[in-house]
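J.: Pasted the sequence and its predicted model underneath.
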Amino acid sequence: TQLLEQSPQFLSIQEGENLTVYCNSSSVFSSLQWYRQEPGEGPVLLVTVVTGGEVKKLKRLTFQFGDARKDSSLHITAAQPGDTGLYLCAGGTGNQFYFGTGTSLTVIP
Amino acid sequence: NAGVTQTPKFQVLKTGQSMTLQCAQDMNHNSMYWYRQDPGMGLRLIYYSASEGTTDKGEVPNGYNVSRLNKREFSLRLESAAPSQTSVYFCASREDRATEAFFGQGTRLTVV
């Protein structure tokens, strides 16, 4: 069982639709990050959230950190084919650094 | 800058063989990590090192050993490879907590 559970695991949507990906844990994190991974590559950081209740926007992507710092969400508005990829949340406890189970997003033109 | 460099990129082993995956970073980061990623899945932490000379187990350490040779290098060793260890292995490093983790290109390992 992984520390960070993401849902949904797979998501296939039409271009222009909105979507939300969830990242949940029973543990409290001092900060939480979201990464995006392309096939054959390592994950690349999208955002870091550090304050409970924090909301960050990155163009069409909106990230929220839960008030209790146990969960986070990623919302994409008007998805584009270029958003296709594996989205991963990640959080640390002490020096350990865990990744979520991943959400594989496919945006169909 | 090279960032995080992993070698080899691909490897095929027979069951019972041993091998070492190499990882080096040139960003002077304190923390380094080894993960494995199975198809369509997230990354699972195998071992990590918070600083030179220290290593600790992660979520799935069984069947692996690690060595933090110096601040730059963190190697992962499979003493007796098993088919269940077929996976893509990623090394990562970061400065400290709450900072960005930088990844290598991955090693695709197949154990037959």
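T.: Received the coordinates, thanks.

J.: Report pLDDT for the residue in chain B positioned nearest to chain A.
T.: Nearest residue of chain B to chain A (C-beta to the nearest C-beta) works out as B:F103 at 2.7 Å. In short, each C-beta sits where N, CA and C put it, glycine included. If you check B:F103, the pLDDT there is 95.

J.: Surely it is in contact with A:E38?
T.: No - look at B:F103 against A:E38 with C-beta atoms under 8 Å: they stay out of range, at 11.5 Å.

J.: Can you check which residues contact both of those two?
T.: Overlap of the contact sets of B:F103 and A:E38 (by C-beta atoms under 8 Å, 6 or more residues apart in numbering or on different chains) consists of A:V44.

J.: So the two - more neighbours on which side?
T.: The neighbour comparison of B:F103 against A:E38 (other C-beta atoms under 10 Å in any protein chain shown) goes to B:F103, with 23 against 11.

J.: May I have the residues that are in contact with residue 102?
T.: Using chain A here. Contacts of A:G102 (C-beta under 8 Å, 6+ apart): A:Q6, A:Q9, A:L86, A:Y87, A:L88, B:G40, B:M41, B:G42.

J.: Oops, wrong one, chain B.
T.: Applying C-beta under 8 Å, 6+ apart to B:F102 gives the contacts A:G42, B:G3, B:V4, B:Q25, B:M27, B:H29, B:A92, B:S93, B:R94.

J.: Quick check: bridge partners of it?
T.: Beta-bridge pairing for B:F102 (DSSP bridges): B:S93.

J.: Wait, A:F97 touches B:A101, no?
T.: Yes - A:F97 is within contact range of B:A101, at 6.5 Å (criterion: C-beta under 8 Å).

J.: In terms of neighbours, single out the busier of the two.
T.: Higher neighbour count among A:F97 and B:A101: B:A101, with 26 against 22, using other C-beta under 10 Å.
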